[in-house]
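**Student:** give the three-dimensional model of this entry:
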Amino acid sequence: MQQPRRKPLLIGFILANRFTMSAFASFADVVRLASDEDDKSRRILCDWDVLSHDMDMIRSSGGFKIQPDTRLRNARAYDYIVVVGGLIGDGSNLAPEMLRYLHEQAAGGVPIVGLCTGVFILQEAGLLKGYRCCVNWFHHQEFVDRFENERPVSDQIFVVDRDRLTCSGGHGSAHMAAYIIARHIGDAAAAKSLNIMTIDRALSADRPQPAGVPERSAQDPLVKRCMHLMNQNLEVPKSIEALADTLKVGRRTLERRFRIDTGDTPSEFYRDLRLNRAIDQLRRTGRSVADVAVANGFCDASHLTRSLRDHKGVTAGQIRETALRSHK
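**Tutor:** The predicted structure is shown next:
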């Protein structure tokens with residue numbers, strides 16, 4: 001007896017103007033590769049549409065254009081709606097018709113996915129109220145500044161909270177797509193997709209984002225998460241006890257693993273992180289020393305000046321002079 005054909009996993013994509021191509025392509029390729037055997041791209045186990053209210057070409061942040069293939073009025077009953085965000089502050093919001101459609105789908109119980117800065121669109125639309133959400137560490141402060149009462153997760157690659165799924169973008173999009181594929185089709189299909197894309201294995205949601213500290217690296221996931229928390233709390237630094245509590249470990253455990261991984265204590269690393277950011281701002285901006293001090297968790301200009309002299313061997317004036325000479 002012939003087995004009935006399995007219903008494909010249906011995904012609808014909504015792309016913001018100037019959408020981030022890497023987030024879209026990473027997610028879409030995992031789905032494409034899981035849909036068929038090898039790399040044949042037949043839409044057997046999965047199917048997808050790029051949705052539009054007007055069918056105009058949609059430009060990515062890099063200038064590449066995508067032609068939508070389905071009008072909203074012809075949209076199917078999707079298992080997921082995936083919103084891909086665009087450049088922040090660059091007119092990347094969705095048209096009112098698209099937002100109405102999102103609200104209708106959410107009200108009907110369809111899971112909504114936000115890739116990269118798509119989380120800004122969903123939050124602005126009120127679709128993340130009461131949900132945990134994931135934001136790329138690079139955009140954490142912008143998110144908090146825009147949505148004052150929200151505290152996003154910026155130390156994980158993606159977050160699943162009931163029928164809302166959000167991710168940090170980049171390779172996080174691929175891993176969240178693999179999570180969805182594993183849930184609906186199976187682990188083997190998810191692993192195959194990632195392997196063809198030369199990604200070793202699927203990462204769980206709580207895997208830390210790559211630390212936003214280019215000059216320093218960490219291997220221990222706990223230390224990486226701690227670095228993210230430090231990055232997100234530069235203006236009003238947290239105590240080491242508070243960091244440990246947030247990470248659900250004891251202070252001694254955090255200090256021991258931090259020293260093993262980096263050679264520094266958390267306090268030393270946190271101080272240098274704030275000092276390095278202050279030095280960068282003194283070099284690149286015309287902000288007063290007092291403003292730079294407060295923005296980086298120092299009491300006042302004198303406190304910053306003493307810390308620079310004691311730990312970096314320079315003064316704010318010397319930093320400014322060197323920067324001016326280099327621009328002449």
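**Student:** what bridges to the closest residue to Val159 other than its chain neighbours?
**Tutor:** Among residues not flanking Val159 along the chain, Cys134 sits closest, at 4.0 Å (Cβ to Cβ, 6 or more residues apart in numbering). In this view, the C-beta of every residue, glycine as well, is placed from N, C-alpha and C. Bridge pairing for Cys134 (DSSP bridges) gives the partners Val153.
**Student:** what is the burial count for Cys134?
**Tutor:** 27 (other Cβ atoms under 10 Å).
**Student:** what pLDDT is listed against it?
**Tutor:** Per-residue pLDDT puts Cys134 at 91.
**Student:** ok, it - contacts?
**Tutor:** Neighbouring residues of Cys134 by Cβ atoms under 8 Å, 6 or more residues apart in numbering: 119, 152-154, 156-159, 166-168, 172.
**Student:** which among these end up buried?
**Tutor:** The neighbour count (16 or more other Cβ atoms under 10 Å) marks 119, 152-154, 156-159, 166-168, 172 as buried among the contacts of Cys134.
**Student:** in strands, which of the contacts of Cys134 fall?
**Tutor:** Among the contacts of Cys134, the members found in strands (DSSP state E) are 158-159, 166-167.
**Student:** can you point out the buried residues in stretch 75-83?
**Tutor:** Buried, per 16+ other Cβ under 10 Å, within stretch 75-83: 75, 78-83.
**Student:** to clarify, my last question referred to stretch 54-73.
**Tutor:** Residues of stretch 54-73 classed as buried by neighbour count (16+ other Cβ under 10 Å): 58, 60-61, 66, 68, 70, 72.
**Student:** ditto for stretch 244-255
**Tutor:** Within stretch 244-255, the residues scored as buried using 16+ other Cβ under 10 Å are 244, 247, 249, 254-255.
**Student:** which outside residues touch that stretch?
**Tutor:** Identification of contacts with stretch 244-255 by Cβ under 8 Å, 6+ apart yields 222, 225-226, 229, 238, 240-241, 243, 265-266.
**Student:** kindly report the same for stretch 234-243.
**Tutor:** 226, 229-230, 246, 251, 254-255, 266-267, 270, 273-274, 277, 294-297.
**Student:** coming back round to it: identify the farthest-apart pair in the buried residues of stretch 244-255.
**Tutor:** Across the buried residues of stretch 244-255, no pair lies farther apart than Leu247 and Glu255, at 11.8 Å, counting by Cβ to Cβ.
**Student:** circling back to that earlier point, of the buried residues of stretch 54-73, which is the nearest to Ala316?
**Tutor:** Nearest to Ala316 among the buried residues of stretch 54-73, counting by Cβ to Cβ, is Ser61 at 36.0 Å.
**Student:** separation between the closest one and Leu308?
**Tutor:** Going from Ser61 to Leu308 by Cβ to Cβ, to the nearest Å gives 37 Å.
**Student:** tell me how many other residues surround Met176.
**Tutor:** Look at Met176: counted by other Cβ under 10 Å, it has 31 neighbours.
**Student:** quick one: buried residues of stretch 106-118?
**Tutor:** By neighbour count on 16+ other Cβ under 10 Å, the buried set for stretch 106-118 is 106, 110-118.
**Student:** now do it, average pLDDT.
**Tutor:** pLDDT averaged over stretch 106-118 gives 95.
**Student:** do stretch 273-293 as well
**Tutor:** Average pLDDT, stretch 273-293: 88.
**Student:** any residues touching it, and which ones?
**Tutor:** With contact meaning Cβ under 8 Å, 6+ apart, stretch 273-293 is reached by 213, 215, 227, 230-231, 234, 237, 295-301, 303-305, 307-308, 311-312, 314, 316, 319-320, 322-323.
**Student:** of the residues you listed, which belong to helices?
**Tutor:** 227, 230-231, 295, 301, 303-305, 307-308, 311-312, 316, 319-320, 322-323 (DSSP state H).
**Student:** what subset of these is buried?
**Tutor:** The neighbour count (16+ other Cβ under 10 Å) marks 227, 230-231, 295, 301, 304-305, 307-308, 316, 319 as buried among those.
**Student:** select, from these, the two members most distant in space.
**Tutor:** Spanning the widest gap among these are Met227 and Ala301, at 27.0 Å by Cβ to Cβ.
**Student:** return the set of buried residues in stretch 83-100.
**Tutor:** Residues of stretch 83-100 classed as buried under the neighbour-count rule (16+ other Cβ under 10 Å) are 83-86, 92-95, 98-99.
**Student:** out of the residues you listed, list just those in strands.
**Tutor:** If you go by DSSP E, these have 83-84 in strands.
**Student:** from Asn17, how far off is Ile157?
**Tutor:** In this view, Ile157 and Asn17 are 25 Å apart by Cβ to Cβ.
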